[in-house]
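J.: here is my input; please provide its structure:
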Amino acid sequence: MPGEHFLSGKHAVVTGGSRGIGAACARALAAHGARITLLGRDRGALDDVSASIPDSLAVVCDVTDDAAVVKTFTEAQARFPVSVLVNNAGMAESAPFLKTSDALLARMFDVNVLSAFRCTRAVLPDMLARGWGRVVNIASIAGLKGGRYISAYVATKHALVGFTRALAAEVQGKGVTVNAVCPGYVDTDMTRRTIANIVARTKLTEEQALAEIARGNAGGRLIPPEAVAAEVVRLCAPASSAINGEAVPMGDIT
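T.: Predicted coordinates:
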């Protein structure tokens, strides 16, 4: 697919677009011709990414705020119809189950699940009216299996995969596809914070902590954000119109 502008004229909105997977997705989609709108909460980081993508727009938007989402997407749709939505905004916090509070669980559901509902609800009517659209949810390998000390995170990512499959069934045959990408640990700031937390709470060195979390990845290494972006691009291609309701694993699901 390199060099192919099969998304030329399409408008893609990427949430959590200021760094990591979101930034990589935005750049990859732009490389295939898409117009890009980046959403995030960090103005400086958004502007840095936007500066590397010609004709892109960076918008500060808290996707846990329904009114802000409605306003932002109304303005985005007025700019160009949104054909591609990448629900990438997310957060991760770890705690033993008995120390997982209702507040932590609610906070993670708001960012990891409800934001995808809000943003998809904002673009889906127009996608259906035009008979073409791609929604890609960035879930996690934790949406396909369990893990110690991350019960809240696992619950939210399973919910996101469930949402993906349910909505895919609703839009089947209407020109819109809804899929999820489920990577293991990716080389992002979020993962680096996880490693630092492990080091702080255990006797492991940084190298040992990295090896521990990455052992389910291919080659035992962190996944480059660009590899996740490549999967997103593949799911957005016209040739992927028959792929709907999939949760694509990038890591060991056993």
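J.: how much space between Arg41 and Thr15?
T.: Per CB to CB, to the nearest Å, Arg41 is found 10 Å from Thr15. For the C-beta atoms, the positions are set from N, CA and C on the backbone; glycine is no exception.
J.: more crowded one of these two?
T.: A count of neighbours by other CB atoms under 10 Å puts Thr15 above the other of Arg41 and Thr15, at 27 against 14.
J.: for the spatially closest residue to the more buried one that is not a sequence neighbour, what are its contacts?
T.: Excluding its sequence neighbours, the residue lying closest to Thr15 (CB to CB, 6 or more residues apart in numbering) is Ala89, at 4.1 Å. Taking CB atoms under 8 Å, 6 or more residues apart in numbering as the contact definition, Ala89 lies against Thr15, Gly16, Gly22, Leu39, Gly40, Val63, Val111, Asn112, Ser115.
J.: same question, Pro238
T.: Phe6.
J.: what does Ser115 give?
T.: Neighbours of Ser115 in contact, by CB under 8 Å, 6+ apart: Thr15, Val63, Thr64, Val69, Asn87, Ala89.
J.: now the helices: where do they sit in the stretch 51-200 of the chain?
T.: 66-79, 102-109, 115-130, 151-171, 189-201 (DSSP state H, counting those that start in this stretch).
J.: what about the longest strand in the chain?
T.: In the chain, assigned by DSSP state E, the strand with the most residues is strand 176-183.
J.: quick one, it and helix 151-171 angle?
T.: Put simply, strand 176-183 runs at 160 degrees to helix 151-171, going by axes from the mean of the first three to the mean of the last three CA atoms, to 10 degrees.
J.: any idea of the mean pLDDT for strand 176-183?
T.: For strand 176-183, the mean pLDDT works out to 98.
J.: that older thread, and the residue nearest to Thr15, how far from Arg193?
T.: The gap separating Ala89 from Arg193 is 16 Å, by CB to CB.
J.: hang on, the earlier thing: what's the pLDDT at the residue nearest to Thr15?
T.: pLDDT, Ala89: 98.
J.: test my guess that Leu46 contacts Val60.
T.: Yes. Using CB atoms under 8 Å, Leu46 is in contact with Val60, at 6.8 Å.
J.: where does the stretch 1-150 of the chain have low pLDDT?
T.: Applying pLDDT under 70 to the stretch 1-150 of the chain flags residues 1-3.
J.: now the strands for it?
T.: In the stretch 1-150 of the chain, the strands defined using DSSP state E, counting those that start in this stretch lie at 11-14, 35-40, 57-60, 82-87, 133-138.
J.: now these as CSV including distance to Glu212?
T.: Below are the strands of the stretch 1-150 of the chain laid out as CSV (distance: least, CB to CB, whole Å):
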stretch, distance to Glu212
strand 11-14, 30
strand 35-40, 29
strand 57-60, 36
strand 82-87, 28
strand 133-138, 23
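J.: gap between the spatially most central residue of the chain and Arg192?
T.: Residue closest to the mean C-alpha point of the chain, counted by CA atoms, centre = their mean, is Asn88 at 2.2 Å. Distance of Asn88 to Arg192, computed by CB to CB: 17 Å.
J.: try Met250
T.: In this view, Met250 and Arg192 are 18 Å apart by CB to CB.
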